[in-house]
Structure formats: structure tokens, C-alpha cells
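Colleague: can't give you the sequence, but here's the structure:
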């Protein structure tokens, strides 16, 4: 019951633009809203950067949702890249790549560079990604790899950890 109330409160903070695909709309909103519960080791950058690598499943939704918005008091910059070399100094990285070897390289790069990794791919958190965001029977399902967040020097606050269905604290 406590977890349900907390989930409703956190989701209530979101202002998604609901269209024909509510799950995709929620994912887009979650990308920015997760930042409220995250602390990065270097928060001195002038912009807050959200990067998508590979395909953009959101079309124009991210541009519409984050236009003229701020995260941690910084303007949001959206980047769309196809290669690991183009990730550079991002804060949040949404990964849509299917190739597992490529995903593993990206996760390793992100850990070294304190980047919050998010994906909807099955098994993403178990492979070292930080947040796996899925929808199961029209309900949000979060898996958080807390161990990977610590290795990335990213601190996740307890309210976000509390709504996760699974928190990975050690190697399984």
C-alpha cells in the first residue's frame, strides 16, 4: 500500500503530453523526472543533457516536452546520436540499441563517465544498466541497478528506490 501511494505521488509530479501511446508518453516524462531523484558527482555543467542513442522512439515528443524546461536549474539540451563516440558528456542516456555487445560497451562508457543509463530492453539492469523502465500490464515497472549507480558515482535518492519493483544491490 505504501509503495502504491508513493508511486502515485511521484507519477503525479509528471506532466506528460498524452497522445495515442501513453506508455511512450510516460517514458518521455520519466526521462527528465528521474533527474529530480539523482545526484551526479559533477553538477557544474551549464546544460542538462539528455541523449538518445540509436533510434528515437519518441519522435517529436521529447522536443515538445522539454522545450524551454529546466532540470537542476539548467536548460535541457536533447541529443540524438548513433555512435558511442558521440555520447560525450551527457547526464542521462536512453539506450534503444538491440546489439548486446554494443550495449555492454555503452554501459561501460557510461559508468566511467557518471552517466545515468536508462533503457526499456529486457535484462538491461541485470547487465549493468542503471534503470530499466518497462510497462507490465499497463503499470510502470522499474528495475534499478543500485550497484551500477554507485560504480558510476551517481546517487539515487530513496523515494525513487522505494518505487522500484526490483533493486539490484550486488552481482546476481
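Modeller: That came in fine, so what should we check first? Because the structure is predicted, anything quoted here is derived from the model rather than measured.
Colleague: low-scoring pLDDT stretches of the chain, where are they?
Modeller: 1-20, 171-172 (pLDDT under 70).
Colleague: if we use 80, what do you get?
Modeller: 1-21, 137-138, 170-172 (pLDDT under 80).
Colleague: residue nearest the middle of it, spatially speaking?
Modeller: The residue lying closest to the centre of the chain (C-alpha atoms, centre = their mean) is residue 118, at 3.6 Å.
Colleague: gap between it and residue 46?
Modeller: According to C-beta to C-beta, to the nearest Å, residue 118 and residue 46 sit 22 Å apart. For glycine as for every other residue, the C-beta is placed from the backbone atoms N, C-alpha and C.
Colleague: residue 82 now?
Modeller: Using C-beta to C-beta, which is the criterion applied here, residue 82 is 25 Å from residue 46.
Colleague: looking at these two, which one has more neighbours?
Modeller: Neighbour count, other C-beta atoms under 10 Å: between residue 82 and residue 46, residue 82 has more, with 11 against 8.
Colleague: before we move on, the earlier item: would you check that the residue nearest to the centre of the chain makes contact with residue 95?
Modeller: Yes. Contact criterion C-beta atoms under 8 Å: residue 118 and residue 95 qualify, at 7.1 Å.
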